[in-house]
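This is a predicted model, with the sequence first.
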Amino acid sequence: MLELTLTAERGSFKLEVACRLASDWTVIFGPSGAGKSTLLRLLAGLDRTVPGGSTQARIVLDGLVLAHSANGVWSRPGRRHTSLVAQQPSLFPHLSVEANVAYGLNGLDRLLRAARVEEMLSLVDGTELAARLPRDLSGGQAQRVALARALAPSPRLLLLDEPFSALDGVASDALISRLQSWLLQNKVQTVIATHDATAAFSTGAEVALLHEGRLAAQGAASQVLATERARLLSRLQ
């Protein structure tokens, strides 16, 4: 279970969220500007106070403190248990795909590291990309590699910010299906931020609805996104 209490001010925008996320797969849904990316960065312990702003946060996963702040000072005792995949993959441009995925695998010998990289690339259907450099990847391929790199160190919490935006619907659905099964088997809690309601309906996720930096509703997609579902269905008629 993920427990969070977050407050962040950025100029005129204020994010205030306090809730418990008990589902293995939670979708943070909301329009652009609702605070989804800010929320994920806070969950990852990456955000910082900016001029004219302030941040207070406490994030606990199954009793383990992942991050907290007090008096403007961040502490991330559980940082190694969290992985974030941003919408724009930030791969190391001078490293091959294989080296990018292996980057966080400190402490493993060469054979175990190679096996782990192969497993992660296979999971995201990217085995044939291993020798390529990031400049030779399409947007969708780069997103797959970024996901493989995030999963390689075996995080307990996976944070995804619009991670499949460069994939077409069929490829995205296939990847999500494989990913959910793997995450469930490996007991990785996942929070995905998106403005695409289909991701919530297709995965049977718990949904946390953000509106102007506040948690407007939380629960099953069929309940929380009933209005959005009606809108999508009307477009098909």
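Received, thanks. Nothing here was measured: the structure is a model prediction, and the numbers come from that model. Numbering: from 1, shown residues only.

How about the contacts made by the spatially most central residue of the chain?
The centroid of the chain falls nearest to Leu160 when counting by Cα atoms, centre = their mean (1.6 Å). Contact partners of Leu160, counting by Cβ atoms under 8 Å, 6 or more residues apart in numbering, are Leu40, Leu84, Val85, Leu147, Thr190, Val191, Ile192, Ala193. All C-beta spots, glycine's among them, are computed from the backbone N, C-alpha and C.

Could you rerun that using 10 Å?
Counting by Cβ atoms under 10 Å, 6 or more residues apart in numbering, Leu160 makes contact with 25, 27-28, 40, 83-87, 143, 146-147, 150, 176, 179, 190-194, 199.

a strand runs through it, doesn't it?
Yes - counting by DSSP: H, G, I helix; E, B strand; the rest coil, Leu160 is part of a strand.

which residue packs closest to Ile28, ignoring adjacent ones?
Ala193 (4.3 Å; Cβ to Cβ, 6 or more residues apart in numbering).

how much space is there between the one you found and Gly63?
24 Å (Cβ to Cβ, to the nearest Å).

The two: which has the busier surroundings?
Ala193 (26 against 7; other Cβ atoms under 10 Å).

wait, doesn't the more buried one sit right on Leu42?
No - look at Ala193 against Leu42 with Cβ atoms under 10 Å: they stay out of range, at 11.6 Å.

list residues touching both of the two?
Joint contacts of Ala193 and Leu42 (Cβ under 10 Å, 6+ apart) are Gly35, Leu159.

Model confidence score at the residue nearest to the centre of the chain, please.
Note for Leu160: predicted pLDDT of 92.
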